[in-house]
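Undergrad: Okay, structure incoming, though there's no sequence with it:
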């Protein structure tokens, strides 16, 4: 289920590798729609790390909800899951192949955190500073007819040569 009011997007999924890639695409498309292209790489990196943690550590069903929200000049990305254990940033060994995800999220974000949610579950989130002036976003895609496009076309004058000859 995807819900997209003007500056809020929620995606419910099972945190499986194939679905994590799909959520990255949704986050990228939503940020492009909000004219926040400079935040795409950081938001996608962060959501990938949080979903990977759900995949590795959450219960057998791996159900979770990803929420992205733009309020004022701050983009917040959060992941809700049903595992009550709060994550911890740890120092990974030099040649370790995992254990750096939260440290990366902390490094690239303005702030991050985690808190319990309900009886069993938690929310892990991070925030990114958004550009101060984002373009106004239409609630729905705007489609132009051929007549509208031709009315907007600039007047064209024939090319003239400035070369004597």
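TA: Looks like it came in fine. None of these values were measured; they are calculated from a predicted model. Numbering: from 1, shown residues only.

Undergrad: which of the residues in the helix or strand hosting residue 55 are buried?
TA: Following DSSP states H and E, one finds residue 55 within helix 40-57. Applying a neighbour-count criterion of 16 or more other CB atoms under 10 Å, one finds 40, 42-51, 53-55 buried in helix 40-57. From N, CA and C alone the C-beta is placed, and that goes for glycine too.

Undergrad: Show me which of those is closest to residue 125.
TA: residue 50 (8.3 Å; CB to CB).

Undergrad: Sketch out the low-pLDDT regions of this structure for me.
TA: 1-6, 92, 96-97, 99, 132-165 (pLDDT under 70).

Undergrad: What segments of it are helices?
TA: 17-33, 40-57, 101-108, 146-152 (DSSP state H).

Undergrad: In JSON lines: those helices, plus distance to residue 67.
TA: Converted to JSON lines, these look like this (distance: least, CB to CB, whole Å):
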{"stretch": "helix 17-33", "distance to residue 67": "11"}
{"stretch": "helix 40-57", "distance to residue 67": "10"}
{"stretch": "helix 101-108", "distance to residue 67": "15"}
{"stretch": "helix 146-152", "distance to residue 67": "36"}
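
Undergrad: Look up how far residue 10 lies from residue 62.
TA: The spacing between residue 62 and residue 10, counted by CB to CB, to the nearest Å, is 17 Å.

Undergrad: Same drill for those two, tell me which one is more crowded.
TA: residue 62 (19 against 16; other CB atoms under 10 Å).

Undergrad: how about the more buried one, what does it touch?
TA: Neighbour list for residue 62: 14-16, 54-55, 81 [criterion: CB atoms under 8 Å, 6 or more residues apart in numbering].

Undergrad: Quick one: closest of the helices of the chain to residue 120.
TA: helix 40-57 (13.6 Å).

Undergrad: which residue is nearest the centroid of the chain?
TA: The centre of the chain sits closest to residue 27, judged by CA atoms, centre = their mean, with a distance of 3.5 Å.

Undergrad: which of the residues in stretch 9-24 are buried?
TA: Quick answer for stretch 9-24 (16+ other CB under 10 Å): 9-11, 13, 15, 19-20, 23-24.
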